[in-house]
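> can't give you the sequence, but here's the structure:
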């Protein structure tokens, strides 16, 4: 009996040790999954020194980064106050805090390059803030907040790529790299709400036809509805086709006639 009890004790100890080890190993992974995504740090190799010419597009980009913060910071603070959804509150808090960081980076670049920055959002951005502030219910505010910010990030996303790929100035290039990482993070946060209206987002322009000019869809539609090509009568088309047929027959006879 004593031997049986003593054999069970090591087994219980072993089970307890395994449970403790698993809990220790899984705890960091659970914490990492719960943490909000953050911008990826810029590699040390992008050490900007203010070298390179600054184009008008570069200046416009630096100003737009500043404008983004001027309305998204108060919008995020509004989300914390007006929303009743804890997830929307957390998204607003994260985006607002990250824009404070990006705003400081942008102002440092503008000061170094001598670019004057605005201190107020533009009329369109102020209109979005007024729209959110006047939302009659928390659910309506949530939808406005998520959709307005998601649409705005989608618009500036390709502009960032253009500057990142084309600028001659290393300060602007580094800022574009940083801004791109912030915008990607914010889009991910907004989409994690589960209420983005993707159907309301602007569609991408249709690509031109490969190997040739783009097809005029209006002309094709008009031709199919009228039974012909606009501005050309059916008789003219028949005459052209008949001429082509005769030319083909004559050419064939010349090829196969006895030599």
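Arrived safely, thanks for sending. Quick caveat: nothing in here was measured; it's all calculated off a predicted structure. Numbers count the residues shown, from 1 in each chain.
> give the contact list for the residue nearest to residue 152 when sequence neighbours are not counted.
Leaving out its chain neighbours, the residue that sits closest to residue 152 by C-beta to C-beta, 6 or more residues apart in numbering is residue 68, at 7.2 Å. Backbone N, C-alpha and C define where each C-beta goes, glycine included. In this structure, residue 68 makes contact with 99, 102, 152, 156, judged by C-beta atoms under 8 Å, 6 or more residues apart in numbering.
> what strand or helix carries residue 68?
Take DSSP states H and E as the rule and residue 68 turns out to sit in helix 56-82.
> give the buried residues for that helix.
For helix 56-82, the neighbour count (16 or more other C-beta atoms under 10 Å) marks 58-59, 61-76, 78-79, 82 as buried.
> quick one: average pLDDT of that helix?
The predicted model assigns helix 56-82 a mean pLDDT of 97.
> after that helix comes which helix or strand?
Next along the chain after helix 56-82, taking DSSP H and E as the criterion, comes helix 86-113.
> may I see the buried residues of that following helix?
Neighbour-count burial for helix 86-113, counted by 16+ other C-beta under 10 Å, picks out 88-92, 94-96, 98-99, 102-103, 105-107, 109-110, 113.
> which helices and strands does that helix pack with?
Under the contact criterion of 3 or more C-beta pairs under 8 Å, 6 or more residues apart in numbering; DSSP states H and E, the helices and strands touching helix 86-113 comprise helix 56-82, helix 138-166, helix 170-191.
> between the ones you listed, which one is nearest to residue 197?
Comparing the helices and strands packed on helix 86-113 against residue 197 with C-beta to C-beta, the closest turns out to be helix 138-166 (5.4 Å).
> check which helices and strands the closest one sits against.
Secondary structure elements in contact with helix 138-166, counted by 3+ C-beta pairs under 8 Å, 6+ apart, are helix 56-82, helix 86-113, helix 123-133, helix 170-191.
> re earlier: can you give me the distance of the residue nearest to residue 152 to residue 118?
When C-beta to C-beta, to the nearest Å is the yardstick, residue 68 and residue 118 sit 11 Å from each other.
> likewise for residue 138?
31 Å.
> over to residue 161?
To residue 118, residue 161 is 23 Å away according to C-beta to C-beta.
> what does residue 146 give?
With distances defined as C-beta to C-beta, the gap from residue 146 to residue 118 amounts to 25 Å.
> of the two, who's got more company?
Remark: of residue 146 and residue 118, residue 146 carries more neighbours, 24 against 11, as counted by other C-beta atoms under 10 Å.
> my read: the more buried one touches residue 193, true?
Yes: using C-beta atoms under 8 Å as the test, residue 146 is close enough to residue 193 to be in contact (5.1 Å).
> anything in contact with each of those two?
Going by C-beta under 8 Å, 6+ apart, residues that sit against residue 146 and also against residue 193 are 88, 91.
> of all the helices and strands packed on helix 138-166, which lies closest to residue 142?
Evaluated with C-beta to C-beta, these place helix 86-113 nearest to residue 142, the distance being 4.9 Å.
> tilt between the closest one and helix 56-82?
Taking axes from the mean of the first three to the mean of the last three C-alpha atoms, to 10 degrees, one finds helix 86-113 and helix 56-82 inclined to each other by 150 degrees.
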